[in-house]
Each structure stands twice: as C-alpha cells, then as structure tokens.
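Asks: quick one, fold the following:
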Amino acid sequence: MARSETAEMTVTVDVGRARWGLSIALCGELAEPAVVAEIAATAEAAGWDGVFVWDHLWHRDGSPFADPFVTLAAVACSTTAIVLGPLVTPLPRRRPHVVAQQATTLDRLSNGRLVLALGLGHDNYGEYSAVGDQNGENARARAELLDAGIEFLLPALAGEEVAAAGGRRTTVGARRRPRCPIWVAGSVDHRGGPRRAIRYGLDGVAVAGGGGRAWAAAHVRTVGDHLGAEGGNIDVALVGGSFPDPDSLAQAGATWLIPEILPGASAAGARAVAAAGPRG
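Replies: Numbers count the residues shown, from 1 in each chain. Prediction:
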C-alpha cells in the first residue's frame, strides 16, 4: 500500500485488479478548467485509469463550482487514454436533450472515453430550491425525472430517433457503440440505484462512500446482492471514502476505486495526489 500526503489532504491507494480513478471537486483553485486539465494529464502519466469531476452548482459553504462538461472537454484535449466523466450529473436539474448533446460531443472529442454517471441530486445546499425548482424537496419527483431522462438518453446517446422528441434524432451519436457507458448513483443501504441499472440495462453503479467510509468487501457484496444474478457485467464503482484493502474489494466485485479530491483542496495538493499515482 502506498500513501500520498500533502499538508492539505491524504489519499491512500494501492493497486488491485480494480481500476483507479480520481474524482475532483471543481471549486476554489480547481474551478479553473486549465488547472484540472493539467492535473488530469499528470494523473494519466502517473498511471491512474480515470479522472472524474463533480457536478454541483456550489458547495455547502457557498463556493461556486465550474461547469463539468466544459472542464471535461479540457481534460479530453489534454489526455489520450484515461476514462473521464461527471460523477455524478443530477439529471433532474438538467435537460436530458441538452445532456445528450453535451455527452455525445464530449465522447467524440475524447475518442470514446466518456462515462456518463447520473443521479437524483439533492437540495442540501439549495441547488434546486434557491433557483425556484421545488423538485429538490421531493425525492419521488426527482426519481421520476431521472427515469424519464434515462429513457430519453438511451436512444439519444446512440444517435437514434427519440420518441419523446417527436421522433427526431437529437444528437450525433457517441463514438462508442451503441452509446457511451452510463452509470447510475447508488448506495450500500438502498436497492434503488442497482435495480435502476438492471431495469434500464445500464453499465455501472457509482456507490457513494459519504462520511469517510472505509470500504470493505462486505459493502461490495451487498451491492452485488442488490444487483442480483443479472448484474454480473455491471461495473461497481466505489466513490469517496478510503480503501484499506483494495485487493479484497476487487475480489468481491468492485471494478473501480475512486478517491475524491474534496472542496478546499489547492491545485498544488491535487497535483501531488495525481502525481503519486495509484502505485504511490
């Protein structure tokens, strides 16, 4: 196991059979796309498999975030091999036809390296209610919007006709065929995300490790139980928290281990974590 430390953050990583990604909060010094693109290039050179970015309007302290898709375009132009994507885009506060256009364009720009991760979002910091959107107060309404958005995106991302858009092709298709991979947000404690992935034939579940969770094989097996027998080919991405035994996580079925660079990190601190690489 290797440890990368700065005065501002500590990320412990090791190499198992799972792939490793970094998830970067786009605020403060990391709200600059060129800075994040440089960090992504450093991460790629150091052996990370993916760079992902948060999709928020602002942080709990009011710090504004940069746009994830514009930032990812900069990342795509500064790298050649790493997987990239938003982690996660709260589809109920976005327009699915616009997300489809952004995603397919980014996928083509990156030569098929995009993973589009989607979720419900929340209103903990007023990202719905402060702009007059009352869906933040109603989880069921957000779930219905997420489902409708996924139904729209499945044909749209493939460049096919979309019934909900009057039979129009709303986008040029993604480079990846039939479309870029879609992950959906989930948790260890609820079946909603895994079952949504099964229902729509999605490609992965991004499982949040809020509160600094130390991931264990038992967590991964629980997600596998939620997925059931149909989930054998679905990615299980563990996001945030810490990874004390990466090999056991991979053996239990985790396919991605994704530590986070949190709000408040400096560019220098994030760059040091990226440069240390998953091998330290």
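
Asks: what pLDDT does the most centrally placed residue in the chain get?
Replies: Centroid-nearest residue in the chain: residue 87, 2.1 Å away (criterion: C-alpha atoms, centre = their mean). At residue 87, the predicted lDDT confidence score is 95.

Asks: repeat that for residue 136.
Replies: On the pLDDT scale, residue 136 gets 75.

Asks: residue 92 versus that one, what's the distance?
Replies: 8 Å (C-beta to C-beta, to the nearest Å). In this view, the C-beta of every residue, glycine as well, is placed from N, C-alpha and C.

Asks: need the overlap of contacts for these two.
Replies: Residues within reach of residue 136 and of residue 92 at once, by C-beta atoms under 8 Å, 6 or more residues apart in numbering, are 121, 142.

Asks: who touches the residue nearest to the residue nearest to the centre of the chain when sequence neighbours are not counted in this structure?
Replies: Once flanking residues are discounted, residue 87 sits nearest to residue 52: 3.8 Å by C-beta to C-beta, 6 or more residues apart in numbering. Applying C-beta under 8 Å, 6+ apart to residue 52 gives the contacts 21, 22, 23, 24, 84, 85, 86, 87, 115, 117, 258.

Asks: which other helices and strands contact the lengthiest helix in the chain?
Replies: Longest helix of the chain, by residue count under DSSP state H: helix 139-157. Judged by 3 or more C-beta pairs under 8 Å, 6 or more residues apart in numbering; DSSP states H and E, helix 139-157 is in contact with helix 96-109, strand 116-119, strand 161-162, strand 182-186, helix 192-200.

Asks: quick one: mean pLDDT over the second one.
Replies: It refers to strand 116-119. 98.

Asks: same deal with the longest one?
Replies: Averaging pLDDT along helix 96-109 gives 97.

Asks: with the shortest one instead?
Replies: Confidence over strand 161-162, taken as the mean pLDDT, stands at 96.

Asks: what's the answer for the last one, then?
Replies: With pLDDT averaged residue by residue, helix 192-200 scores 95.

Asks: I'd like the helices and strands packed on helix 139-157 written out as CSV, with mean neighbour count and distance to residue 252 added.
Replies: Formatted as CSV, these follow (neighbours: other C-beta atoms under 10 Å; distance: least, C-beta to C-beta, whole Å):
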stretch, mean neighbour count, distance to residue 252
helix 96-109, 21, 30
strand 116-119, 26, 21
strand 161-162, 18, 38
strand 182-186, 26, 15
helix 192-200, 20, 15
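
Asks: out of those, which is closest to residue 219?
Replies: strand 182-186 (11.3 Å; C-beta to C-beta).

Asks: strands paired with the closest one, and their directions?
Replies: strand 116-119 (parallel), strand 204-208 (parallel) (DSSP bridges).

Asks: tell me the angle that strand makes with helix 96-109.
Replies: Between strand 182-186 and helix 96-109, the angle comes out at 120 degrees (axes from the mean of the first three to the mean of the last three C-alpha atoms, to 10 degrees).

Asks: how far off centre is strand 182-186?
Replies: 8 Å (C-alpha atoms, centre = their mean, to the nearest Å).

Asks: cool, and stretch 230-240?
Replies: The answer for stretch 230-240 is 12 Å, by C-alpha atoms, centre = their mean.

Asks: quick check on the residue nearest to the centre of the chain: phi, psi?
Replies: Per-residue torsions, residue 87: phi -140, psi 90 (degrees, to the nearest 10).

Asks: what of residue 51?
Replies: phi -130, psi 120.

Asks: excluding chain neighbours, what is closest to it?
Replies: residue 40 (4.3 Å).

Asks: could you check the distance from the one you found over to residue 87?
Replies: Per C-beta to C-beta, residue 40 is found 13 Å from residue 87.

Asks: go on, residue 255?
Replies: Taken as C-beta to C-beta, the span from residue 255 to residue 87 is 14 Å.

Asks: nothing else from me, thank you.
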